[in-house]
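Chemist: sequence and predicted structure are below.
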Amino acid sequence: MLHRLWKHLKVARRLNLGPASVVFRFERAVRLRTAPRNLPVLENQAPVTEVAHARADTLGAERGSVSQPVSAKPERETALIVGAGPGLGESLARRLASEGINIALASRDGLRLERLAGELRRGGVRASGFTCDVTDELSVQELFETVCREYGVPHLVVYALQSFGPGRTVDIEVPAFEAGWRHNCFGAFLVARAAARLMAAAGRGTIVLVGSTSALIGRENHLNLAAGKFGQRALAQVLAKEMWSHGVHVVHVVIDADIREDVQEEFPQSQPEDLAETICFLHRQPRTAWTSEIDLRPWNERFWEHC
């Protein structure tokens, strides 16, 4: 009886009220059910966690990173300083060694570097001096092969070499111009390229190219320096953009000061220990706040006075 009454009420009804009429319908509310929490994985569908891991592996492969085994002890870092002469090179080596970083030193005179390497070894780190001609591709290749064999892929590579012979453009001979360009630009390219290839595969590292104000503006009688340093700055800018996604920090450091120990006091002079401190800071920068270029100069240097 009730069932028949319900079926009768479910249909639409019309109620006439004089000139107007009302149409109404009785309906039952529909209860919504939530889907079960433990849904089965569809055929050919991987769980979310597996998809995330697969995506992470794909990204690592795209970036050229190499998975490293987890070890109980953190890896001891290695720094390679190319052009490790008196002043900045030696001060930087000592500063990095104070943090327990192994040091590889390179210059044309490898025997001269052995004295500094011995001093660093007595301080508790591994250190070696290597002979390298930065203008020769094979020599640079052999340098990195030796460093990687003895220390592993460097965590920090600093190109601190500078060659300068003042002269007016009309007076500079071709061999002198070429020598300046090869040391200030071409050598930086060979070293930075070798470092970038290794670091990109490792997924980490810092490359520091040391420049000067001649990389920013051409000055009279400075063609031999400016031509190479302008090119080195362009190299740093391009390489930085290419290496960011691989976890490699590339930074160009402009130093506008004389840091030789025999400079007279009336000339602007930066302390090599202070410059080394800044380079060490750049290497320690977090990936979310990398510096791509920094300009270092002493307080008494007047930037535009000699430009």
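Modeler: The structure has been received and is ready for your questions.
Chemist: let me see the mean pLDDT of stretch 158-173.
Modeler: Within the predicted structure, the mean pLDDT of stretch 158-173 is 78.
Chemist: need the contact partners of that stretch.
Modeler: Applying C-beta atoms under 8 Å, 6 or more residues apart in numbering, the contact partners of stretch 158-173 are 79-85, 88-89, 92, 107, 134, 176, 179-180, 183-184, 187-188, 191-192, 207-210, 212, 220-225, 228-229, 279. The C-beta positions use only the backbone N, C-alpha and C, and glycine is treated the same way.
Chemist: restricted to strands, list these.
Modeler: Using DSSP state E, the members of the contacts of stretch 158-173 that fall within strands are 79, 80, 81, 82, 107, 207, 208, 209, 210.
Chemist: from residue 251, how far off is the first one?
Modeler: Spelled out, it's residue 79. 14 Å (C-beta to C-beta, to the nearest Å).
Chemist: which one's more surrounded, the two?
Modeler: residue 79 (28 against 21; other C-beta atoms under 10 Å).
Chemist: nearest spatial neighbour of the more buried one, skipping sequence neighbours?
Modeler: Nearest residue to residue 79, sequence neighbours excluded (C-beta to C-beta, 6 or more residues apart in numbering): residue 156, at 4.1 Å.
Chemist: wait, what's in contact with the one you found?
Modeler: 77, 78, 79, 80, 96, 101, 205, 206, 207, 208, 283.
Chemist: again, but for residue 208
Modeler: Counting by C-beta under 8 Å, 6+ apart, residue 208 has contacts 156, 157, 158, 159, 251, 253, 279, 282, 283.
Chemist: repeat that for 7 Å
Modeler: 158, 251, 253, 279, 282 (C-beta atoms under 7 Å, 6 or more residues apart in numbering).
Chemist: among those, which ones are in helices?
Modeler: Judged by DSSP state H, the subset of the contacts of residue 208 located in helices is 279, 282.
Chemist: neighbour-wise, which of the contacts of residue 208 leads?
Modeler: Going by other C-beta under 10 Å, residue 158 tops the contacts of residue 208 with 30 neighbours.
Chemist: can you pull the alpha-carbon coordinates of the longest helix belonging to the chain into CSV?
Modeler: Taking DSSP H as the criterion, the chain has its longest helix at helix 223-243. These are the backbone C-alpha positions of helix 223-243, laid out as CSV (Å, rounded to 0.1, in the frame of the first residue of the first chain):
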residue,chain,number,x,y,z
LEU,A,223,94.8,46.6,-24.9
ASN,A,224,96.9,43.5,-24.2
LEU,A,225,95.0,43.1,-20.9
ALA,A,226,91.5,44.3,-22.0
ALA,A,227,91.2,42.1,-25.1
GLY,A,228,91.7,38.9,-23.0
LYS,A,229,89.8,40.0,-19.9
PHE,A,230,86.8,41.1,-21.9
GLY,A,231,86.7,37.7,-23.5
GLN,A,232,87.2,36.0,-20.1
ARG,A,233,84.2,37.9,-18.7
ALA,A,234,82.0,36.8,-21.7
LEU,A,235,83.2,33.2,-21.1
ALA,A,236,82.1,33.4,-17.4
GLN,A,237,78.7,34.8,-18.3
VAL,A,238,77.9,32.2,-20.9
LEU,A,239,79.3,29.3,-18.9
ALA,A,240,77.4,30.4,-15.8
LYS,A,241,74.0,30.2,-17.6
GLU,A,242,75.0,26.8,-19.2
MET,A,243,76.1,25.2,-15.9
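Chemist: where does the stretch 51-200 of the chain have low pLDDT?
Modeler: Scanning the stretch 51-200 of the chain for pLDDT under 70 picks out the ranges 51-74, 164-165, 167.
Chemist: mind listing the helices for it?
Modeler: 88-97, 110-122, 137-151, 174-181, 187-202 (DSSP state H, counting those that start in this stretch).
Chemist: just send those back as JSON lines, with distance to residue 236 and mean neighbour count too.
Modeler: Formatted as JSON lines, the helices of the stretch 51-200 of the chain follow (distance: least, C-beta to C-beta, whole Å; neighbours: other C-beta atoms under 10 Å):
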{"stretch": "helix 88-97", "distance to residue 236": "17", "mean neighbour count": "23"}
{"stretch": "helix 110-122", "distance to residue 236": "25", "mean neighbour count": "16"}
{"stretch": "helix 137-151", "distance to residue 236": "17", "mean neighbour count": "16"}
{"stretch": "helix 174-181", "distance to residue 236": "16", "mean neighbour count": "16"}
{"stretch": "helix 187-202", "distance to residue 236": "8", "mean neighbour count": "21"}
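Chemist: nice, that's everything, thank you.
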